[in-house]
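Colleague: when you get a sec, could you give me coordinates for this:
(chains A and B)
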Amino acid sequence: MSEETVNMEGAVCAPPLHHTDQIVMGHGAGGRMSHQLIQKAFLPAFQNPALQAGDDAALVDPGLRQQLSISTDSHVVWPLFFPGGDIGRLAVCGTVNDVAMLGAKPLYLTAGFILEEGLEMSTLQRVVASMQSAAQEAGVQIVAGDTKVVQKGKADGLYITTAGVGIVRPNVNIGGAQAKPGDVVILSGSIGDHGIAVLGARGELGFQSSIQSDVAPLNHLIEAMLNASENIHVLRDPTRGGLATTLNEIATQSNIGIQLDEKTIPVRPEVSAACEMLGFDPLYIANEGKLICFVPREDAENVLKAMRAMKYGEEALIIGEVTAEPQGRVLLKTALGSKRVVDMLAGEMLPRIC
Amino acid sequence: MKYVNEYRDAQLVRGVIEEIRRTVTRPWTLMEICGGQTHAIVRHGIDQLLPSEIELVHGPGCPVCVTPLELIDKALAIAACPDVIFCSYGDMLRVPGSGRDLFSVKAQGGNVRVVYSPLDAVKLAQENPDKQVVFFAIGFETTAPPNVMSVLQAQRLGLTNYSILVSHVRVPPAIKAILGSPSNRVQGFLLAGHVNAVMGYWEYPELAEQFKVPMVVTGFEPLDIVQGILKTVQLLEAGKVEVANAYSRAVTFDGNKPAQQTIQKVFMECDRKWRGIGTIPMSGWCLRLEFDAFNAEKRFDVEAIKAEESPLCIAGQILQGLKKPHNCPAFGTVCTPENPLGATMVSSEGACAAYYRYGRVNLEIHSSPQSR
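Modeller: Numbering: from 1, shown residues only, chains lettered A, B, ... in the order given. Take a look at the predicted model:
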């Protein structure tokens, strides 16, 4: 074959399918594709101010003395049991945390179960016991529920949807759109534990790991933080899509910029090693027991002190600050001193080839 | 993390960059051949810290990006077959074929699995004797040993339901094509250290001599990369043409001989089409005829599938270092990681994806999307 076949000026690639005509896994990954799905499929149909606020819970005012925070969350995690938690604990904590992130005290949960024909009764009992234990820890009651059974093969053992309601504390105004220049960004602890623990439990790491999921109810931590400062602007738990995606959401909602310092962001060595081997970035890995908080710098010390006194906030620290520009962008000062953008997760997080 | 953090030490990296600054007297254009290096450079912002005389251009060393459309169409056709479990490295799922990708095949009921190693695919074949298990064997020399091992393992186990769809490419012919191009402007190469860990670097002195271009075996951590750059600049400034090793903790001149012998046993050199570039003679590996039984192209009768690429993006020029991602009018506007126009935007090792994700251009052009 001759060298003439090499077209060094050539150029090319075919445009791909944009996945607008059918659901693919990326639509459920919590990143930009999930946002596009919400924008296209749900917002136009259900439009109302509470939904359009774009937070993980809705703030509603039913004309009582206090506002309510309402949220719902579906859980399809596999395997059902993983180091540090299980689908039951996750189902309770996920909703408790979403409700609490608006500055609310979560009170009541409902739970819907989709069970696959053939599921072991003992498995269901273990999950239910774990839910009760998590609910007790959070101080909430599971007051209503529903059960459906589907044929073998139509579900993966067990899915749980929970919904929750809580009473918003008076005199707080917390939401993703409230971040302001001059705020600092506080993170409650190390990132990536949950996502890597679940991957490990699936046997996808290809090596043994001691990483435990961080799944935990954060409402007591939040209460302590609200007692320490009345000026908290944003609270959010960086779940699917990880810290990077959550911070991008807030930067967009609040029309602000966020500057992070790479050196300060805590990642456990085991998580960091797993990410290096698999080609993942811990900034995009899911957490289920961490929160980020935006608060004016002058209140930061009080909030940090309150957090560090709590079980799930012992490792709390400042990881960055809010700037007026560039709006809607998250920038990271690298350990080497250069700067780069931290973007939102695009679709599904894929491991690198090598 | 031990043995990694040491190579990300900011003070050490800065020290080497200072030395580069002291060494350089005129502009030089270097190419890092490997997509993994491109990502490390942009992720750690190494190019921002270099003296302005040094320009880094990004090479075609992203196996996902250069896998030809035709082969992806073959993968899609096989993956859509009933009773097939199609296994792939995760990156390949989003690379578009003609009209669809592996994600859409999966959404339509295809059994597509992400695996971390081809040996996992062999295991699947053992566990599912009533299914055909196919592994999408893409990659440079780095992934060749596990891919050929999977074939030998399947042979040893007597599996008749395992095959691989091969799209292997090799670095030296790509370098030759780039340096032989009339539009070439690359003056020095950072070689892909992990390729050299397998292959050694005995293939390169001849190339360096033929084109009078120095080459330096380079690793992937920030300190490795700046050391590779320093060595290349030292050679260029001294007017020396040689192949040096700045990654001696992983690479020897001869490389991993048993791995090379195993590759040779299963693969033979063949012409290979590179997406965005065209056919480069003898630039690929394919299965030797005696391993036909493990050749998915033959097992599934997809050899007739042909596909021509349409000139919609400048991925080809980016893959050859002729253009930077932000030279493309589509970059960051109509072409984004969610809606990629080209493979260089799809793969996590693609130059466009690196530029987009780490915001090299976003910082300058798209700094205030809301206020525009």
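Colleague: may I see the buried residues of stretch A:312-325?
Modeller: Buried residues in stretch A:312-325, defined by neighbour count with 16 or more other Cβ atoms under 10 Å in any protein chain shown: A:312, A:313, A:316, A:318, A:319, A:320, A:321, A:322, A:323. All C-beta spots, glycine's among them, are computed from the backbone N, C-alpha and C.
Colleague: show me where the stretch 51-200 of chain B has helices.
Modeller: Remark: helices assigned in the stretch 51-200 of chain B by DSSP state H, counting those that start in this stretch are B:63-66, B:69-79, B:102-107, B:118-127, B:144-156, B:171-180, B:193-199.
Colleague: which elements pack onto the longest one?
Modeller: Read that as helix B:144-156. helix B:118-127, strand B:132-139, strand B:162-169, helix B:257-266 (3 or more Cβ pairs under 8 Å, 6 or more residues apart in numbering or on different chains; DSSP states H and E).
Colleague: of these, which is nearest chain A?
Modeller: Chain A sits nearest to strand B:132-139 of all the helices and strands packed on helix B:144-156, at 6.3 Å, using Cβ to the nearest Cβ.
Colleague: and that closest one with helix B:144-156, angle?
Modeller: Strand B:132-139 runs at 160 degrees relative to helix B:144-156, counting by axes from the mean of the first three to the mean of the last three Cα atoms, to 10 degrees.
Colleague: run the chain-centre distance for strand B:132-139.
Modeller: Computed by Cα atoms, centre = their mean, to the nearest Å, the chain-centroid distance of strand B:132-139 equals 17 Å.
Colleague: can you check stretch B:87-99 too?
Modeller: The answer for stretch B:87-99 is 14 Å, by Cα atoms, centre = their mean.
Colleague: average pLDDT for it?
Modeller: Per-residue pLDDT over stretch B:87-99 has a mean of 85.
Colleague: same question, stretch A:90-104
Modeller: 98.
Colleague: restricting to C-alpha, output it in PDB.
Modeller: Taking C-alpha atoms only, stretch A:90-104 is exported to PDB below (Å, rounded to 0.1, in the frame of the first residue of the first chain):
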ATOM      1  CA  LEU A  90     -30.300   5.100  51.100                       C
ATOM      2  CA  ALA A  91     -34.000   5.500  50.400                       C
ATOM      3  CA  VAL A  92     -34.600   7.100  53.800                       C
ATOM      4  CA  CYS A  93     -31.500   9.300  53.900                       C
ATOM      5  CA  GLY A  94     -31.900  10.500  50.300                       C
ATOM      6  CA  THR A  95     -35.200  12.000  51.000                       C
ATOM      7  CA  VAL A  96     -34.500  13.200  54.500                       C
ATOM      8  CA  ASN A  97     -31.400  15.100  53.200                       C
ATOM      9  CA  ASP A  98     -33.200  16.600  50.200                       C
ATOM     10  CA  VAL A  99     -36.000  17.900  52.500                       C
ATOM     11  CA  ALA A 100     -33.500  19.200  55.000                       C
ATOM     12  CA  MET A 101     -31.400  21.100  52.400                       C
ATOM     13  CA  LEU A 102     -33.900  23.900  52.300                       C
ATOM     14  CA  GLY A 103     -33.400  24.600  56.000                       C
ATOM     15  CA  ALA A 104     -36.300  22.300  57.000                       C
END
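Colleague: if we can go back for a sec, so of the buried residues of stretch A:312-325, which ones are in strands?
Modeller: A:318, A:319, A:320, A:321, A:322, A:323 (DSSP state E).
Colleague: tell me the domain ranges of chain A?
Modeller: For chain A, automatic domain parsing gives the domain ranges A:54-168, A:183-341.
Colleague: which one of those is the most hemmed in?
Modeller: Each of the domains of chain A was scored by mean neighbour count; the highest is domain A:183-341, a mean of 21, by mean count of other Cβ atoms under 10 Å in any protein chain shown.
Colleague: just how off-centre is it within its chain?
Modeller: Distance of domain A:183-341 from its chain centroid, counting by Cα atoms, centre = their mean, is 10 Å.
Colleague: so that domain, near chain B or not?
Modeller: Yes - legend: contact between domain A:183-341 and chain B by Cβ under 8 Å from any Cβ of the partner chain is shown at A:204, A:206, A:252, A:255, A:269, A:272-273, A:276, A:278-279, A:325-329, A:331, A:334-341.
Colleague: narrow these to those in helices?
Modeller: A:252, A:269, A:272, A:273, A:276, A:278 (DSSP state H).
Colleague: from what I see, the first one and residue A:330 are in contact.
Modeller: No - counting by Cβ atoms under 8 Å, residue A:330 is not a contact partner of residue A:252; they are 9.7 Å apart.
Colleague: next, the residue nearest the centre of chain B: phi, psi?
Modeller: Central residue of chain B (Cα atoms, centre = their mean): residue B:62, 2.2 Å from the mean position. For residue B:62, the backbone dihedrals are phi -120, psi 100 (criterion: degrees, to the nearest 10).
Colleague: now the residue in the stretch 51-200 of chain A that chain B sits nearest to. Its backbone dihedrals?
Modeller: Nearest residue of the stretch 51-200 of chain A to chain B: residue A:199, at 10.1 Å (Cβ to the nearest Cβ). Dihedral pair for residue A:199: phi -60, psi -40, per degrees, to the nearest 10.
Colleague: ok, residue A:32 to chain B distance?
Modeller: Distance, residue A:32 to chain B, by Cβ to the nearest Cβ, to the nearest Å: 5 Å.
Colleague: list the contacts for that residue?
Modeller: Taking Cβ atoms under 8 Å, 6 or more residues apart in numbering or on different chains as the contact definition, residue A:32 lies against A:344, A:345, A:346, A:347, B:338.
Colleague: ok, and the closest non-adjacent residue to the fourth one?
Modeller: Here the nearest residue to residue A:347 in space, its sequence neighbours aside, is residue A:26; by Cβ to Cβ, 6 or more residues apart in numbering or on different chains that works out to 2.9 Å.
Colleague: check which element follows the longest strand that chain A contains along the chain.
Modeller: Counting residues, the longest strand found in chain A (DSSP E) is strand A:104-116. Counting by DSSP states H and E, the element after strand A:104-116 in chain order, helix or strand, is helix A:121-138.
Colleague: so where is chain B shaky, pLDDT-wise?
Modeller: B:1, B:309-316, B:318-320, B:329-330, B:333-334, B:337-344, B:346-349, B:358-372 (pLDDT under 70).
Colleague: which residues in it form strands?
Modeller: Using DSSP E, strands in chain B cover B:28-34, B:54-61, B:84-88, B:111-114, B:132-139, B:162-169, B:188-192, B:215-218, B:243-245, B:267-274, B:278-287.
Colleague: fine by me, we can end here.
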